[in-house]
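Novice: next comes the sequence, and after it the predicted model I'd like to discuss.
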Amino acid sequence: MSSNDLFSFLDEAPEETETNGGDNAMAIDTIPDESVIPRKRKVAVGTSEPRQNGGTSRHSPDSDPGPSIPKKPRTASPKPVVLDEVEIEAKREVAASAGLTGAVEEGSRLELKHQVRHQVAVPPGYPYIPIANHAPPAKPAREYKFTLDPFQQVSVHAIQRNESVLVSAHTSAGKTVVAEYAIAQCLQRKQRVIYTSPIKALSNQKYRDMLAEFGDVGLMTGDVTINPSATCLVMTTEILRSMLYRGSEIMREVAWVVFDEIHYMRDKERGVVWEETIILLPHSVRYVFLSATIPNAMQFAEWICKSHEQPCHVVYTDFRPTPLQHYLFPAGGEGIYLVVNEKGEFRDDNFSKAMGMLQERQGDDPADPKSGKGRKGKSKKGGEKKGPSDVQKIVKMIMLKNYNPVIVFAFSKRECEALALTLTKLEFNTTDEQDLVASIFNNAIDNLAPDDRQLPQITNLLPLLKRGIGIHHGGLLPILKEVIEILFQEGLIKVLFATETFSIGLNMPAKTVVFTAARKFDGREFRNLSSGEYIQMSGRAGRRGLDDRGIVIMMCDEKLEPTGAKEMIKGEADRLDSAFHLGYNMVLNLMKVEGISPEFMLERCFLQFQSNAGIPVLEDELCNEEERKSSMNVPDEELVAEYYGYRQQLDQMQADFREVITHPNYSLPFLQPGRLVKIKYKTLDFGWGVIVNYQKRVPPKNRPVPEDIPPHEQYVLDVLLNCATGSNLPKDRAITTATPGGILPCPAGQKGVPLVVPVLLSTVDALSHLRIYLPTDLRPLPGRETAWKSVLEVHNRLPDGIPLLDPIQNMKIVDDKFGALVKKIEVMEQRMFSSSLHKDHRLPELYTLYSRKQECQQRIRDLKKQIQATHDVLQMEELKCRKRVLRRLGFTTSADIVDMKGRVACEISTGDELLLTELIFNGVFNPLSPEQCAGLLSCFVFTEKSEQVTKLKEELAAPLRVMQEIARRIAKVSKESKLPIVEDEYVQSFKVELMDAVVQWCRGASFSEICKLTDQFEGSLIRVFRRLQELIRQMSQAAKVIGNTELQEKFDKASEMLERPNSVIFCSSLYL
């Protein structure tokens, strides 16, 4: 099947939906308007001509690309109809459990509830039969020894009717049962089915499970192809996309596609692959989508219904087979506190106790004259010389109460290893279990070369594993990760330290889950875990049929706000939002095939669908704002408008004025203790206070110093302020906000409480000429009250206002621009004071009313812009720019027909396709040896952070310089084509740190030798080498497209040198 007839099968009518005799279809109004009749995607006449003897169709783009079909104007597709809403509340009784704390009465029971919801999105005019009227077949495709849960039953009924279904449920709820039924039905009907998963490791596992279950199963992951003619094919989503672009014959026979972990579609890097694949699949295919709980599941189903003109059911359940108990462990504490019970009830009393315990053990008091040098002690999360660490305490308690196995989630590879090493004195396995661990471990590494068996990671891990302690993170050798997974499944690892990747897909529940922190660094900033991340990881707690409860323990060493904690533990799962973005490989592939285009993809992507879904809401909002504005009647509006303009200009000038006087160059000499200072931040007006101390701002613990902090935000002032009663001071002095949360100004006419509050220098509204005497210690309340009496006395003596420092006379700000600003302020004040409105008693009321009207007007303008932008196809401008780049670099002709360069780029998806194609056409690889080619290509697949300083020999430095020069040219063309690109960043994104290691490996160096050449974890190194192998295969195919046999052979030789038999880099998976 040529790539030109790729979409011919989209015109084949979808299979008739099985209807049950005697059942009445639900009537859905059809929409007669021609403008919204769904149209099939068209292809050129004759493109469905079958390929003969493996030859190329005469319409193949390799022989004659031909002009692309003129694009039809966009037509509004019918909006799906949402029907058959069914909600079931299921109840069950379970034995009460004491968990890790407290006690329960013997025989007491607990009633738990969960929801099962069903809805379906249906195209207008579809003869839909309610799911309750479904008559199952006499002999189902698969029978189960157990009774299906309600959500499984409903999902299976949808599959029996040949209708797509999205199953949204927690980990271990039993979603796999639904996928298995779809596979069994296809095997029974002799139809092809594809099972896709997000990662190769998961594909390997699923292949093993399904092979045992069904027999007729194949695997395609890029690394491995097994039995590709099988009825059921397990593959990664990337392979499925590639098959669609290449027009694989297999796709004609596919009846169902199962997308496992579909919530992966929101992944910024790879999520777009899911969208491309779903859009490219034919209308005749039916789908099973398996997902973690997502709040906008129905929106996704409506998109499927609209894209493929077929019903899509949503079956959602919040059912957990094993109920969870959530605990907090304050750092350095002795006990744990139950904060959310099995019923999902938040225990405020216990939360407060845990936070109180944490506060006792933390931080300095800003009123302490000796404070300000940062925290004196740190929590002993990872262990110190004195006493056991927090992790040891928790693990010992879990083992004592028999709540193992436990997964301890840490948020860095190094922390995983460091925490595991704090348990070196503990043993959790019996002698027999230790022997079994050693036997499984040695069998697994038996196929490795003798050198590789002596790698430090392998020799150091076995003693830990024998004691029942495991580690699982991306830096481990893949073979070790698999051994650890097998040992964990067999119950031979009692404590597993893992990063959050362990929570994705792999079916490996534990009895207990521990989080070492409530915060993580996400590549940009330290932040609280999102509720979605927390749900995903905590979902590993509780094994179905084995545990009466799952236990989740959150260690926290920073104070959590109750709302933040509730949001994290009880919050909604993360939405499934599109991460669609354009790439050159996608654009070229879509331009290459007739009957489809990049514009087609943009119009149908989930991103556009979500954007359009927001239009009615925006239009309603606009209508409301316009009504609100027309109801606002301002007396003397012209006069008020003039006064409002003066005030706005004056506010801006005064903001500029404050920015100058609070600049450290001018203000620091005047920040002496006792000086009166006015503090104001946005709507928080604290009025006058007293400076106690100031210091340079220190970044919060474990966080990098932001580089772009303005000068007046680089200092923290401790100021005595009159605060509202009930205000709470944070113990952590490393504030990142202008004023600390939980501190409010005392309302007028009330008695407040004087507190020493850390604020940023930028909050200073005015500096006074006056200084008052301060007591030496302001920590006790009487000391602060005495100081505050002095402030009140100043107010009494100076009813006309407190005198300010003169910026020119006192602060010596001699700057012409500043002088001009002071004059402008005087002129503007004069204009404002001379307005007849200035002394009018109605001024406050009129000003507020006019201000609201202006805000309303601005909101109307913003909404109109937003609605216009939403109506436009998103990313269309970017597509135009990218097409411009392709034309200028010669990848496409002026008529947007894909040229030879473009066809080469279509073969490359693992590296930067533009730059790699330019390297081929500029002959950069021609003089290089196979190993030099591999070394240069490593720059395209290595993305990890590296601290090492790399000095390259001339054999690598020379081709690297040429590559960087070409990269600069591409960046310049991109910039000229109006794409946002930073030239230096683009050039530096091709990392050179592994070039030498790759060359040495190709020349015969051992894996342990190349590990010494880099600062990378062994597992990360292997991941790079495997991606490099994939890229080299693509480069060989690219060379074949242009008929350069010599270059093709060179890449094949490089591939051969890279992939050594029995090496630890390319050893096969234990699951296969």
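Specialist: Here it is on my side, so go on.
Novice: and residue 672, how many neighbours?
Specialist: By the criterion of other CB atoms under 10 Å, residue 672 has 11 neighbours. Just so you know, the C-beta spots here come from the backbone N, C-alpha and C atoms, and that holds for glycine as well.
Novice: who's in contact with it?
Specialist: 691, 771 (CB atoms under 8 Å, 6 or more residues apart in numbering).
Novice: any idea whether it is helix, strand or coil?
Specialist: coil (DSSP: H, G, I helix; E, B strand; the rest coil).
Novice: just residue 338 next, same as before
Specialist: strand.
Novice: doesn't residue 324 make contact with it?
Specialist: No. Residue 338 is not in contact with residue 324 according to CB atoms under 8 Å; the separation is 11.1 Å.
Novice: output the below-cut-off pLDDT ranges for the protein.
Specialist: 1-77, 98, 101-108, 360-388, 505-506, 698-708, 730-736, 871 (pLDDT under 70).
Novice: mind giving me the domain split of it?
Specialist: Per automatic domain parsing, the structural domains of the chain span 81-139+149-317, 324-359+389-570, 671-805, 907-1058.
Novice: okay if I get the ones you listed as JSON lines plus distance to residue 895?
Specialist: Output for the domains of the chain, formatted as JSON lines (distance: least, CB to CB, whole Å):
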{"stretch": "domain 81-139+149-317", "distance to residue 895": "22"}
{"stretch": "domain 324-359+389-570", "distance to residue 895": "42"}
{"stretch": "domain 671-805", "distance to residue 895": "46"}
{"stretch": "domain 907-1058", "distance to residue 895": "18"}
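Novice: which residue packs closest to the spatially most central residue of the chain, ignoring adjacent ones?
Specialist: Nearest to the mean C-alpha position of the chain, by CA atoms, centre = their mean, lies residue 267 at 5.8 Å. Once flanking residues are discounted, residue 267 sits nearest to residue 579: 6.1 Å by CB to CB, 6 or more residues apart in numbering.
Novice: now do the SS call for that neighbour.
Specialist: Under three-state DSSP, residue 579 comes out as coil.
Novice: burial of it, as a residue count?
Specialist: 19.
Novice: what residue in the chain is the furthest from its centre?
Specialist: residue 797 (58.5 Å).
Novice: ok, now how distant is that residue from residue 827?
Specialist: 33 Å (CB to CB, to the nearest Å).
Novice: before we move on, back to that, nearest to residue 863, out of the domains of the chain?
Specialist: domain 81-139+149-317 (21.5 Å; CB to CB).
Novice: next, the distance between the ends of the closest one.
Specialist: Distance across domain 81-139+149-317, first residue to last, is 22 Å (CA to CA, to the nearest Å).
Novice: for residue 658, what are its contacts?
Specialist: 764, 765.
Novice: and residue 635, what element?
Specialist: Assigned by DSSP states H and E, residue 635 belongs to no helix or strand.
Novice: what's around it, how many residues?
Specialist: 11.
Novice: what sits against it?
Specialist: 842, 846.
Novice: go with 7 Å
Specialist: residue 846 (CB atoms under 7 Å, 6 or more residues apart in numbering).
Novice: any figure for the gap between it and residue 847?
Specialist: From residue 635 to residue 847 the distance is 12 Å (CB to CB).
Novice: just the CA atoms of stretch 833-843, as PDB, please.
Specialist: The C-alpha trace of stretch 833-843 is given here as PDB (Å, rounded to 0.1, in the frame of the first residue of the first chain):
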ATOM      1  CA  PHE A 833      -6.200  69.600  42.800                       C
ATOM      2  CA  SER A 834      -7.600  72.300  40.400                       C
ATOM      3  CA  SER A 835     -10.400  70.000  39.100                       C
ATOM      4  CA  SER A 836     -13.800  71.100  40.400                       C
ATOM      5  CA  LEU A 837     -14.400  67.400  41.300                       C
ATOM      6  CA  HIS A 838     -11.400  67.300  43.700                       C
ATOM      7  CA  LYS A 839     -13.400  68.800  46.700                       C
ATOM      8  CA  ASP A 840     -16.700  67.400  45.600                       C
ATOM      9  CA  HIS A 841     -18.200  65.100  48.400                       C
ATOM     10  CA  ARG A 842     -19.300  62.600  45.700                       C
ATOM     11  CA  LEU A 843     -15.800  62.000  44.500                       C
END
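Novice: in stretch 1028-1046, what counts as buried?
Specialist: For stretch 1028-1046, a neighbour-count test (16 or more other CB atoms under 10 Å) marks 1028-1036, 1038-1041, 1044 as buried.
Novice: quickly note the distance from the residue nearest to residue 267 to residue 275.
Specialist: In terms of CB to CB, residue 579 sits 8 Å off from residue 275.
Novice: just to revisit the earlier point, residue contacts, the residue farthest from the centre of the chain?
Specialist: Contacts of residue 797 (CB under 7 Å, 6+ apart): none.
Novice: need phi/psi at it.
Specialist: phi -80, psi -20 (degrees, to the nearest 10).
Novice: for it, give its distance to residue 517.
Specialist: 52 Å.
Novice: before we move on, back to that, which one of the domains of the chain lies closest to residue 899?
Specialist: Across the domains of the chain, closest to residue 899 is domain 907-1058 (CB to CB), at 10.7 Å.
Novice: for that closest one, how far is the first residue from the last?
Specialist: Rule used - CA to CA; the end-to-end distance of domain 907-1058 is 20 Å.
Novice: same question for stretch 802-817.
Specialist: Per CA to CA, stretch 802-817 runs 27 Å from first to last residue.
Novice: buried residues, that stretch. List them.
Specialist: Buried positions in stretch 802-817, judged by neighbour count with 16+ other CB under 10 Å: 802, 805, 807, 811, 813.
Novice: which residues sit against it?
Specialist: 660, 661, 666, 670, 676, 688, 766, 767, 768, 769, 770, 794.
Novice: show me which of these are buried.
Specialist: For the contacts of stretch 802-817, buried by 16+ other CB under 10 Å: 660, 661, 666, 670, 676, 688, 766, 767, 768, 770.
Novice: beta partners for the nearest residue to the last one once chain neighbours are set aside?
Specialist: Yep, that's residue 770 we're talking about. Nearest non-adjacent residue to residue 770, counting by CB to CB, 6+ apart: residue 676, 5.1 Å away. Under DSSP bridges, the beta-bridge partners of residue 676 are residue 690.
Novice: for residue 676, what are its contacts?
Specialist: Applying CB under 7 Å, 6+ apart, the residues contacting residue 676 are 688, 690, 768, 770, 772, 794, 802.
Novice: can I get those in JSON lines including distance to residue 620 and secondary structure?
Specialist: Shown next, in JSON lines, are the contacts of residue 676 (distance: CB to CB, whole Å; DSSP: H, G, I helix; E, B strand; the rest coil):
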{"residue": "688", "distance to residue 620": "46", "secondary structure": "strand"}
{"residue": "690", "distance to residue 620": "51", "secondary structure": "strand"}
{"residue": "768", "distance to residue 620": "50", "secondary structure": "strand"}
{"residue": "770", "distance to residue 620": "55", "secondary structure": "strand"}
{"residue": "772", "distance to residue 620": "56", "secondary structure": "coil"}
{"residue": "794", "distance to residue 620": "53", "secondary structure": "helix"}
{"residue": "802", "distance to residue 620": "50", "secondary structure": "coil"}
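Novice: what is the nearest of those to residue 333?
Specialist: residue 690 (36.5 Å).
Novice: from the buried residues of stretch 802-817, which ones fall inside strands?
Specialist: Of the buried residues of stretch 802-817, none are assigned to strands by DSSP state E.
Novice: turn those into CSV, columns for distance to residue 232.
Specialist: Formatted as CSV, those follow (distance: CB to CB, whole Å):
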residue, distance to residue 232
802, 81
805, 80
807, 78
811, 78
813, 77
